[in-house]
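Enquirer: build me a model:
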Amino acid sequence: MKALFTTTPKKVIFAGVFFFFLVFQSCESPISQPPQKAIVTGVEVNFSAMWDKNPIVFLGDYYKNNPSQMSNAQPEYLQFINLGMIISKLSLIKEDGTTVLLGDGYQWIDFKQGRTRFNYEIPKGNYKSLQFTLGLDYDINHGNPNQWGPEHPLNGNLSGMHWGWSGGYIFQAIDGNYKDSTTDKYSKGLSFHTAGDNLKRNFVVSVSNASGSFSVVDGAISKVLLKYQVDQLFNTIELKKGSVSHSEGVKELQLMDKFLSNLTKYNAFRFSSIP
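Expert: Numbers count the residues shown, from 1 in each chain. Presented below is the predicted three-dimensional model:
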């Protein structure tokens, strides 16, 4: 089961959507990997959401937000219900600086449902970095979501990542709970939905291997991994001071800007090849 965003005003639907996530996520059918093309020479790009050194377990344990990174703040404990992203211009960069677009560059990643592995046909060669945009260019963001085929990442019915009432996509959706203490009986909600043309962000992430590159050879598929260190995204974020942003209004935009700034400030994306 999947929550769909409608044309109903956001302030009205948020409570219902969040309640929907809380009650029905456990019975949600897993989203299968997208159809994989039969490729001969190419790359398999894997995405993983991490908290410190461990993959995030959704609706699992609470994760301690590092108090040493917060100014005299007490630790907070986070549990994740949902984490999805819409990205564009997904590309690999060769050692000679040539940019190779992966597919049409668009992708929807759903960490909870395991939609995290994608195959692409690319030329052989040595590659040094991965680049992508969190979000979409204006014309695509405000275009008709029904123009895309049923399996395309930008099909709103597939991802549920389009807000019809705002005429645009959700670039990143994070929903969950938090507590001030592990002994607290009740938790409070957290929800960060990144949307709006001014909040798209561009990233170039270099390969962390000792050689600084990885190779794609004829007749083989090389595997690479982009780790998303979600603990760094929440670095210095005190949820008791603000645990909801839907990217509108002065305070919500300020909070979201700080949130997104952490992605580069604390190197939240880590890229490596898989042996």
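
Enquirer: for the rest of this, base every contact and every neighbour count on C-alpha atoms.
Expert: Will do.

Enquirer: helices and strands around the biggest strand by length in the chain, which ones?
Expert: Assignment by DSSP state E gives strand 77-94 as the longest strand of the chain. Contact analysis of strand 77-94 by 3 or more Cα pairs under 8 Å, 6 or more residues apart in numbering; DSSP states H and E lists strand 63-64, strand 99-101, strand 107-110, strand 125-134, strand 168-179 as its packing neighbours.

Enquirer: need the CA coordinates for it. CSV is fine.
Expert: Presented in CSV, the C-alpha positions along strand 77-94 are these (Å, rounded to 0.1, in the frame of the first residue of the first chain):
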residue,chain,number,x,y,z
TYR,A,77,16.8,9.1,19.1
LEU,A,78,15.4,8.7,15.5
GLN,A,79,13.4,6.0,13.9
PHE,A,80,12.8,6.0,10.1
ILE,A,81,9.6,5.1,8.4
ASN,A,82,10.2,6.3,4.9
LEU,A,83,13.1,7.6,2.8
GLY,A,84,12.9,8.3,-0.9
MET,A,85,14.7,10.5,-3.5
ILE,A,86,14.1,11.8,-7.0
ILE,A,87,17.4,12.6,-8.8
SER,A,88,18.3,13.7,-12.3
LYS,A,89,21.4,14.1,-14.5
LEU,A,90,22.8,10.9,-13.0
SER,A,91,26.1,10.4,-14.6
LEU,A,92,29.6,9.0,-14.3
ILE,A,93,32.7,11.0,-15.1
LYS,A,94,35.7,9.4,-16.8
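
Enquirer: follow-up on the earlier one: and the helices and strands packed on strand 77-94 as JSON lines, adding mean neighbour count, mean pLDDT and distance to P153?
Expert: Shown next, in JSON lines, are the helices and strands packed on strand 77-94 (neighbours: other Cα atoms under 10 Å; pLDDT from 0 to 100; distance: least, Cα to Cα, whole Å):
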{"stretch": "strand 63-64", "mean neighbour count": "20", "mean pLDDT": "95", "distance to P153": "30"}
{"stretch": "strand 99-101", "mean neighbour count": "18", "mean pLDDT": "99", "distance to P153": "16"}
{"stretch": "strand 107-110", "mean neighbour count": "22", "mean pLDDT": "98", "distance to P153": "5"}
{"stretch": "strand 125-134", "mean neighbour count": "20", "mean pLDDT": "98", "distance to P153": "13"}
{"stretch": "strand 168-179", "mean neighbour count": "22", "mean pLDDT": "97", "distance to P153": "11"}
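
Enquirer: quick one: closest of these to V217.
Expert: Counting by Cα to Cα, V217 lies closest to strand 125-134 out of the helices and strands packed on strand 77-94; the figure is 6.6 Å.

Enquirer: and stretch 179-189, how far from the chain's centre?
Expert: Centroid separation between stretch 179-189 and its chain, computed with Cα atoms, centre = their mean, to the nearest Å, is 25 Å.

Enquirer: in that stretch, which residues are buried?
Expert: Buried residues in stretch 179-189, defined by neighbour count with 16 or more other Cα atoms under 10 Å: K179, D180, S187, G189.

Enquirer: need the helices and strands packed on strand 77-94 in JSON lines (columns: distance to L92).
Expert: Compiled in JSON lines, these are given as follows (distance: least, Cα to Cα, whole Å):
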{"stretch": "strand 63-64", "distance to L92": "32"}
{"stretch": "strand 99-101", "distance to L92": "5"}
{"stretch": "strand 107-110", "distance to L92": "14"}
{"stretch": "strand 125-134", "distance to L92": "5"}
{"stretch": "strand 168-179", "distance to L92": "21"}
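
Enquirer: shaky segments in the stretch 51-200 of the chain?
Expert: 67-73, 165-166 (pLDDT under 70).

Enquirer: try 90 this time
Expert: 61, 66-75, 146, 163-167, 181-183, 185-186 (pLDDT under 90).

Enquirer: so what touches stretch 221-235?
Expert: Stretch 221-235 has contacts (Cα atoms under 8 Å, 6 or more residues apart in numbering) with 39-52, 65-66, 69-70, 215-216, 259-260, 262-263, 266-275.

Enquirer: cross those residues against helices and list the overlap.
Expert: Per DSSP state H, helices hold the following members of these: F259, L260, N262, L263.

Enquirer: and those, which two are the farthest apart?
Expert: Maximum distance among those (Cα to Cα): 7.5 Å, for F259 and L263.

Enquirer: who are the packing partners of the helix or strand L158 falls within?
Expert: For L158, the host element (DSSP states H and E) is helix 156-159. Where contact means 3+ Cα pairs under 8 Å, 6+ apart, helix 156-159 is not packed against any helix or strand.
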